[in-house]
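Asker: Quick one: sequence plus predicted model below, questions after.
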Amino acid sequence: MSDDEVDHELLDLLRARFGIGPANPNAPPDTKVLQNAEFICDNSTDVALNMQYTKLAAIAVGEEMQKREYSTKVWSEHELHPKSKDESTVKFIFTMDLLNFSFWSDRSEEDRFSVTYKDKKWTGYFSLVAALQRALDEDIPITSPEFWVDEEKCTDEVLKKAFRSDTDEEMPMFEERVQCLREAGLILEEEFDSSITTLIENAKGSAAGLVNLLAERFPCFRDEATFERKKVRFLKRAQIFVADLWAAFEGEGYGDFNDIDKITMFADYRVPQMLHTLGVIAYCPPLEARMRRQELIEPGHPWELQIRGCSIWAIEQLRREIVKLQPDAKINAILIDFFLYDLAKEKEKTGDEAIPHHRTRSIWY
Ligand SMILES: Nc1nc2c(c(CN[C@H]3C=C[C@H](O)[C@@H]3O)cn2[C@@H]2O[C@H](COP(=O)(O)O)[C@@H](O)[C@H]2O)c(=O)[nH]1
């Protein structure tokens, strides 16, 4: 077959799908997360995507996001999120997303890890944000990489104080969180002059490039697994770091990326719960029973990987259906994800959680 008879587009697709052939040095950066999610979903036997409910959800979610004029502005409107469009917010977001994992607890609402900040009690993700704000108010430089590697100033006692709880339950995975800070501090010192803005500048305005850089240089961001003998990438905290920057800076300055729509949904434990409530994903009976009994699912278990992969792929299908209904909507996977997380938290407050979220203890989400 002569070269001009080759269907190069199809050949590139096949090469990408099976991860073979010469890497095109000029190809724009790609994280492979969405491609891996499609592979997981196509090969899932215990988690299914329901396109009928996805189309219905696209109507409901699309309408609600339009009604709320849901945009990047929502991010800074949260009382705990930093407002200044400067390097201090970059450092805050990096620290936050370095530690943005595994807040769930088996304790009651009263006994679980919580942080009171400015007379309000916070749990879950917001307990982390509150603890960071409180530490800064108490002159603990918790968002500075130089501090994380300073063994005289940044002792375990100072960190215990920074992340202290209102209750007798310590912050989940506290030791692992300290490890993440120390490791990231050393890598930033060795390779990026202890500057997170230098790290961002290395990605040259590419969101996918910054995600890949984080996964490549920082083991604690390398959120990958093996599914059906194939390496799959979720890169949840690397991706949500880029997304939080983009939202906090409203697509300008340190949040200005030329390929932000390459960022996928963040495979955590909250948004899959919302997708199940919407009927977009469904679980096989043994898996659903395991979740309803609130029993652990080990990291890397096929069930865990199917929940994470199908959720990423489901949000992509939901996005495509919303765009069909609202062709001019400024909507991407990030905003849909942020919206569904916020919706899940609203539902949690009213106590009508249709199904508990899955319980996997790991540093990845
Ligand atoms: N997929 C996804 N996962 C998210 C978030 C957020 C918070 N994002 C803020 C930024 C914009 C939004 O408007 C939010 O204000 C936290 N998480 C994850 O959830 C879990 C914590 O749950 P809970 O224990 O109930 O707080 C944990 O894995 C955490 O990593 C999100 O947006 N998307």
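Answerer: Everything's here; your move.
Asker: Is residue 121 in contact with residue 112, as I believe?
Answerer: No: at 10.4 Å, residue 121 does not count as touching residue 112 under the criterion of Cβ atoms under 8 Å. C-betas here are computed from N, CA, C, even on glycine.
Asker: Looking at these two, which has the bigger crowd around it?
Answerer: Using other Cβ atoms under 10 Å, the more surrounded residue of residue 121 and residue 112 is residue 112, with 19 against 15.
Asker: Phi first, then psi, for the residue of the stretch 101-250 of the chain found nearest the ligand.
Answerer: Closest contact between the stretch 101-250 of the chain and the ligand, by Cβ to the nearest ligand atom, is at residue 124 (2.4 Å). Per-residue torsions, residue 124: phi 60, psi -150 (degrees, to the nearest 10).
Asker: That one and residue 100 touch, don't they?
Answerer: No: the criterion here is Cβ under 8 Å, and residue 124 misses it with residue 100 at 10.5 Å.
Asker: neighbour-wise, which of those two wins?
Answerer: The residue with more neighbours, out of residue 124 and residue 100, is residue 100; 21 against 16, by other Cβ under 10 Å.
Asker: Which of the three states applies to the more buried one?
Answerer: coil (DSSP: H, G, I helix; E, B strand; the rest coil).
Asker: any idea how far it is from the ligand?
Answerer: Per Cβ to the nearest ligand atom, to the nearest Å, residue 100 is found 4 Å from the ligand.
Asker: Is it correct that that residue is in contact with residue 125?
Answerer: Yes: taking contacts as Cβ under 8 Å, residue 100 lies within contact range of residue 125: 6.5 Å.
Asker: ok, residue 136 - how many residues close by?
Answerer: 19.
Asker: what does the one 4 residues further on give?
Answerer: The burial metric for residue 140, expressed as a neighbour count using other Cβ under 10 Å, is 19.
Asker: Pretty sure it sits against residue 164.
Answerer: No: applying Cβ under 8 Å, one finds residue 140 not in contact with residue 164, separated by 11.1 Å.
Asker: got a list of what residue 3 touches?
Answerer: Shown in contact with residue 3 (Cβ atoms under 8 Å, 6 or more residues apart in numbering): no residues.
Asker: Give the closest residue to residue 257 in space, chain neighbours not counted.
Answerer: Computed as Cβ to Cβ, 6 or more residues apart in numbering, the closest residue to residue 257 that is not its neighbour in sequence is residue 207, at 3.9 Å.
Asker: per-residue confidence at that neighbour?
Answerer: Note for residue 207: predicted pLDDT of 98.
Asker: Please save the CA atoms from the strand or helix carrying residue 319 in PDB.
Answerer: Using DSSP states H and E, residue 319 falls within helix 302-325. In PDB, the C-alpha atoms belonging to helix 302-325 read as follows (Å, rounded to 0.1, in the frame of the first residue of the first chain):
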ATOM      1  CA  PRO A 302     -11.400  -4.000  39.500                       C
ATOM      2  CA  TRP A 303     -14.500  -2.700  41.100                       C
ATOM      3  CA  GLU A 304     -12.700   0.500  42.200                       C
ATOM      4  CA  LEU A 305     -11.200   1.000  38.700                       C
ATOM      5  CA  GLN A 306     -14.500   0.500  37.000                       C
ATOM      6  CA  ILE A 307     -16.300   3.000  39.300                       C
ATOM      7  CA  ARG A 308     -13.500   5.600  38.500                       C
ATOM      8  CA  GLY A 309     -13.100   4.900  34.800                       C
ATOM      9  CA  CYS A 310     -16.900   4.700  34.100                       C
ATOM     10  CA  SER A 311     -17.400   7.900  36.000                       C
ATOM     11  CA  ILE A 312     -14.900   9.800  33.900                       C
ATOM     12  CA  TRP A 313     -16.400   8.400  30.700                       C
ATOM     13  CA  ALA A 314     -19.900   9.100  31.900                       C
ATOM     14  CA  ILE A 315     -19.200  12.800  32.400                       C
ATOM     15  CA  GLU A 316     -17.800  12.900  28.900                       C
ATOM     16  CA  GLN A 317     -21.000  11.400  27.500                       C
ATOM     17  CA  LEU A 318     -23.000  13.800  29.700                       C
ATOM     18  CA  ARG A 319     -21.000  16.800  28.400                       C
ATOM     19  CA  ARG A 320     -21.600  15.700  24.800                       C
ATOM     20  CA  GLU A 321     -25.400  15.500  25.400                       C
ATOM     21  CA  ILE A 322     -25.500  18.900  27.200                       C
ATOM     22  CA  VAL A 323     -23.600  20.500  24.300                       C
ATOM     23  CA  LYS A 324     -26.100  19.000  21.800                       C
ATOM     24  CA  LEU A 325     -28.900  20.700  23.900                       C
END
